[in-house]
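# need a structure here:
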Amino acid sequence: MARNFQAHLGPLLPALALLACLGAPAFAVQPDEVLGDPVMESRARTISAELRCMVCQNQSIDDSDAPLAKDLRIIVRERLKAGDSDSQVLDFMVARYGEFVLLRPRMSWRNALLWGAPILVLLLGGLGAILAMRRRSAAPPAPRLSAAEEARLKALLAEGDGAGPTKP
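Coordinates of the predicted model:
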């Protein structure tokens, strides 16, 4: 049984090995972009992982193959070589491309509504539900029938209890 299994699986092993390699993360950084200093390259990779590719928009520039992402990676490395700190590089990119370039936007007064909107919606929904329940409980009770109306209703019901349809 084991030999039969190996005989069928044997031709598939190279394809399975290729699929396993495809599952590994692929970085788009080209060899000509890599810095000689491993510490500085590590800093560049960390910064690149925080910056959004303006073409792909759901990838970092470290993961994107777009030409603009390559240009941004080169700018990051040039700024690091010039002596900028990590925060200075990020500030430079934000000043040049706007806050959208950050994969994780910073909390600021300009985007405070965006960060607080979910909580605000929950609070307003809860307040609306409380007010709706109070209105229902405060509604006046249905008016009672007068003695004449109750007598008329009993007469109509008694009239309807007959064997056949009533004639006017």
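# In the protein, spot the helix with the most residues.
For the chain, the longest helix by residue count, based on DSSP state H, is helix 112-138.
# If you count neighbours, what's buried in it?
Within helix 112-138, no residue qualifies as buried by neighbour count (16 or more other C-beta atoms under 10 Å). C-beta coordinates here come from the backbone N, C-alpha and C atoms, glycine included.
# burial count for A82?
Other residues within reach of A82, judged by other C-beta atoms under 10 Å, total 10.
# contact partners of stretch 46-59?
Stretch 46-59 is contacted by residues 29, 60-64, 66, 68-69, 72-73, 76, 80, 86, 89-90, 93, 97, 100-104 when judged by C-beta atoms under 8 Å, 6 or more residues apart in numbering.
# mind redoing it with 10 Å?
Contact with stretch 46-59 is made by 27-29, 33, 60-70, 72-73, 75-77, 79-80, 84, 86-87, 89-90, 93-94, 97-105, as judged by C-beta atoms under 10 Å, 6 or more residues apart in numbering.
# again, but for stretch 122-136
Stretch 122-136 has contacts (C-beta under 10 Å, 6+ apart) with G116.
# Would you mind giving the secondary structure of the spatially most central residue of the chain?
Centroid-nearest residue in the chain, with C-alpha atoms, centre = their mean: N58, separated by 11.4 Å. Using DSSP: H, G, I helix; E, B strand; the rest coil, the structure places N58 in coil.
# phi, psi of it?
Backbone torsions for N58, taken as degrees, to the nearest 10, come to phi -110, psi 10.
# Same question for L102.
According to degrees, to the nearest 10, L102 has phi -80, psi 130.
# Would you confirm that it contacts V89?
No - under the criterion of C-beta atoms under 10 Å, L102 makes no contact with V89, lying 11.9 Å away.
# Compare neighbour counts for the two and give me the winner.
V89 (23 against 15).
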